[in-house]
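In: coords please:
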Amino acid sequence: MRLLIATAGSRGDVAPYTGLGARLRAAGHEVTLAADPRSADLVHRSGLHFHPLPLDHRAAQEAEDRSRGSFGAREGLSLRAQMRLAREWAPTMAEAVAEACAAGAEALLVSGSLAPLGLVAAQGLGLPCLGVFLQPLATTREFPPVIAGMPSCGPIGNQVAGWCAQGVLAAAFGPGVRHLRRQLGVRGSAVRRRASVWPVYHGFSPAVVPRPADWRRDMDVVGYWWPAEPPGWQPPPQLRDFLDAGPPPVYVGFGSMSPGDPDRLGGLVTDALKRAGVRGVVQSGWAGLRADGDDVLTVAEVPHAWLFPRMAAVVHHAGAGTTAAGLRAGVPAVPVPVMLDQPFWASRLAALSVSPGAVPFRRLSAPVLAQAVRRAVREERYALRARQISALVRSEDGAAHVLAAVERLAG
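Out: The predicted structure is shown next:
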């Protein structure tokens, strides 16, 4: 079966689908992954076909940062900016999704970030469609909307906040949905009916976020989809030598976030690691982060599946993919959430007792980060719990559930 997986966003929004796509390909399906053009190499290395979608998330974030200045950029691309960007790009993205579907796909697997557009395209082109989400986006009484970065408001408050969040998303995607409906001749009522019954599989562990009891029966939490391993990858000699030269270091990285002045942030990180009395491996990421010191090594792209198990703890922005990699590695975490769903994943790490708690980026300082790192490394309970959660998530086979659903479509 010719399958199209469509997603939008940065590397962390693409990498899990390379593993899912590789699993589907190994079962005999032809898989194309449609994503940001900067993800082309990542997708090709996974043995999948690639189709570019015309939204450069990094360029958009950098443009937003420039418009707000270095201090405003500390928070990355804000929720308001994300929604404005979605409205502006929705018609173009809608056409691109429909074009990718029409290029020979026999079924569409669409991420939460493109679900409103994917449903219209699938309806208009007569394609079966599955949701493959990395975040729990549906309204529930059990927790607040994950994109809002807010604490729980109780069952009724969570539900009301969820309805409001759904309204914001609908408004953001509205121009693209209406454009595509007109182009494909799709009635809104048909899309709403399909949205009320389509199967949605969530690629995170029920040990991390249990399936809400008030979700409809066609929505499931199946386990993580691990990124495809790059074939033949070997660590740089400098990194291997650094790891061999002393005790396990602490990882620090902020992924696709571009939080302000990288020199200032690098100095803060260096100071925090020194205060905590630990060695560090700092990943530069989109921020161009660099930390200097005898006990600190700055690295470029290194697979988290290889690197994280060799760490004493991981300090990260709590994106869905990086959070999953840390849990899989079985090491304590210090989440430093910046925006959108990151506070949600940070709160889950604390609730699972694999973290001493979040350090929100807006409150980040060397003393605060040092204290959190010190606790994560020295208090054995966090490492013990991290190993327990690792055993649970590694025992699951999230991709198998999606493969079974695809096989039912093919049959």
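
In: Please identify the helix or strand for residue 191.
Out: helix 188-195 (DSSP states H and E).

In: How far does that helix sit from its chain's centre?
Out: 27 Å (Cα atoms, centre = their mean, to the nearest Å).

In: chain center to whatever helix or strand comes next after it: distance?
Out: As assigned by DSSP H and E, the chain's next helix or strand after helix 188-195 is strand 200-202. Centroid separation for strand 200-202 versus its chain: 14 Å, with Cα atoms, centre = their mean.

In: for strand 200-202, what is the average pLDDT?
Out: Averaging pLDDT along strand 200-202 gives 98.

In: following the lowest-mean-pLDDT helix or strand in the chain, which helix or strand shows up next?
Out: In the chain, the helix or strand scored least confidently by mean pLDDT, DSSP states H and E is helix 57-72, which has a mean of 45. As assigned by DSSP H and E, the chain's next helix or strand after helix 57-72 is helix 79-102.

In: Kindly export that next one (C-alpha atoms) in PDB.
Out: Extracted in PDB, the C-alpha atoms of helix 79-102 (Å, rounded to 0.1, in the frame of the first residue of the first chain):
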ATOM      1  CA  LEU A  79       1.500  30.700  20.900                       C
ATOM      2  CA  ARG A  80       0.000  33.800  19.300                       C
ATOM      3  CA  ALA A  81       2.800  33.800  16.700                       C
ATOM      4  CA  GLN A  82       2.200  30.100  16.000                       C
ATOM      5  CA  MET A  83      -1.500  30.700  15.400                       C
ATOM      6  CA  ARG A  84      -0.900  33.700  13.200                       C
ATOM      7  CA  LEU A  85       1.600  31.800  11.200                       C
ATOM      8  CA  ALA A  86      -0.900  28.900  10.800                       C
ATOM      9  CA  ARG A  87      -3.500  31.300   9.500                       C
ATOM     10  CA  GLU A  88      -1.100  32.900   7.000                       C
ATOM     11  CA  TRP A  89       0.300  29.600   5.700                       C
ATOM     12  CA  ALA A  90      -2.800  27.500   6.000                       C
ATOM     13  CA  PRO A  91      -4.100  27.900   2.400                       C
ATOM     14  CA  THR A  92      -0.600  27.200   1.000                       C
ATOM     15  CA  MET A  93      -0.100  24.300   3.300                       C
ATOM     16  CA  ALA A  94      -3.600  23.000   2.500                       C
ATOM     17  CA  GLU A  95      -2.700  22.900  -1.200                       C
ATOM     18  CA  ALA A  96       0.600  21.200  -0.500                       C
ATOM     19  CA  VAL A  97      -1.000  18.500   1.600                       C
ATOM     20  CA  ALA A  98      -3.700  17.800  -1.100                       C
ATOM     21  CA  GLU A  99      -0.900  17.700  -3.800                       C
ATOM     22  CA  ALA A 100       1.100  15.200  -1.800                       C
ATOM     23  CA  CYS A 101      -2.000  13.100  -1.300                       C
ATOM     24  CA  ALA A 102      -2.900  13.200  -5.000                       C
END
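
In: May I have the strands that pair with whichever helix or strand comes after it, each with its orientation?
Out: With elements assigned by DSSP H and E, the helix or strand that comes after helix 79-102 is strand 107-110. The pairing partners recorded for strand 107-110 under DSSP bridges are strand 2-6 (parallel), strand 129-133 (parallel).

In: Was I right to think residue 239 contacts residue 297?
Out: Yes: taking Cβ atoms under 8 Å as the definition, residue 239 is a contact partner of residue 297 at 6.6 Å. (C-beta placed from N, C-alpha, C; glycine too.)

In: what touches both of these two?
Out: Residues touching both residue 239 and residue 297 (Cβ atoms under 8 Å, 6 or more residues apart in numbering) are residue 281.

In: for the record, mean pLDDT for the helix or strand harbouring residue 25?
Out: Residue 25 is part of helix 11-26, with elements assigned from DSSP H and E. Across helix 11-26, pLDDT averages out at 94.

In: Give me the below-cutoff pLDDT ranges for the stretch 151-300 of the chain.
Out: Within the stretch 151-300 of the chain, the ranges that satisfy pLDDT under 70 run 256-260.

In: which stretches of it form helices?
Out: 154-184, 188-195, 237-244, 262-276 (DSSP state H, counting those that start in this stretch).

In: and these, which is most packed in?
Out: Burial of those is given as mean neighbour count (mean count of other Cβ atoms under 10 Å); helix 262-276 ranks first at a mean of 20.

In: Domain map for this protein?
Out: For the chain, whose domains are defined here by automatic domain parsing, the residue ranges read 2-224+396-410, 237-394.

In: Relative to residue 194, how far out is the residue nearest to residue 170 when sequence neighbours are not counted?
Out: With Cβ to Cβ, 6 or more residues apart in numbering as the criterion, residue 170 has its nearest non-adjacent residue at 7.3 Å, and that residue is residue 116. Residue 116 sits 11 Å away from residue 194, taking Cβ to Cβ, to the nearest Å as the criterion.

In: before we move on, the earlier item: for the helices of the stretch 151-300 of the chain, which one sits closest to residue 130?
Out: helix 188-195 (11.7 Å; Cβ to Cβ).

In: Go ahead and produce PDB holding the CA coordinates of the closest one.
Out: The C-alpha trace of helix 188-195 is given here as PDB (Å, rounded to 0.1, in the frame of the first residue of the first chain):
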ATOM      1  CA  GLY A 188     -18.200  21.000   6.000                       C
ATOM      2  CA  SER A 189     -20.700  18.500   7.400                       C
ATOM      3  CA  ALA A 190     -18.900  15.600   5.700                       C
ATOM      4  CA  VAL A 191     -15.600  16.600   7.300                       C
ATOM      5  CA  ARG A 192     -17.200  17.000  10.700                       C
ATOM      6  CA  ARG A 193     -18.800  13.500  10.500                       C
ATOM      7  CA  ARG A 194     -15.400  12.000   9.500                       C
ATOM      8  CA  ALA A 195     -13.600  13.900  12.300                       C
END
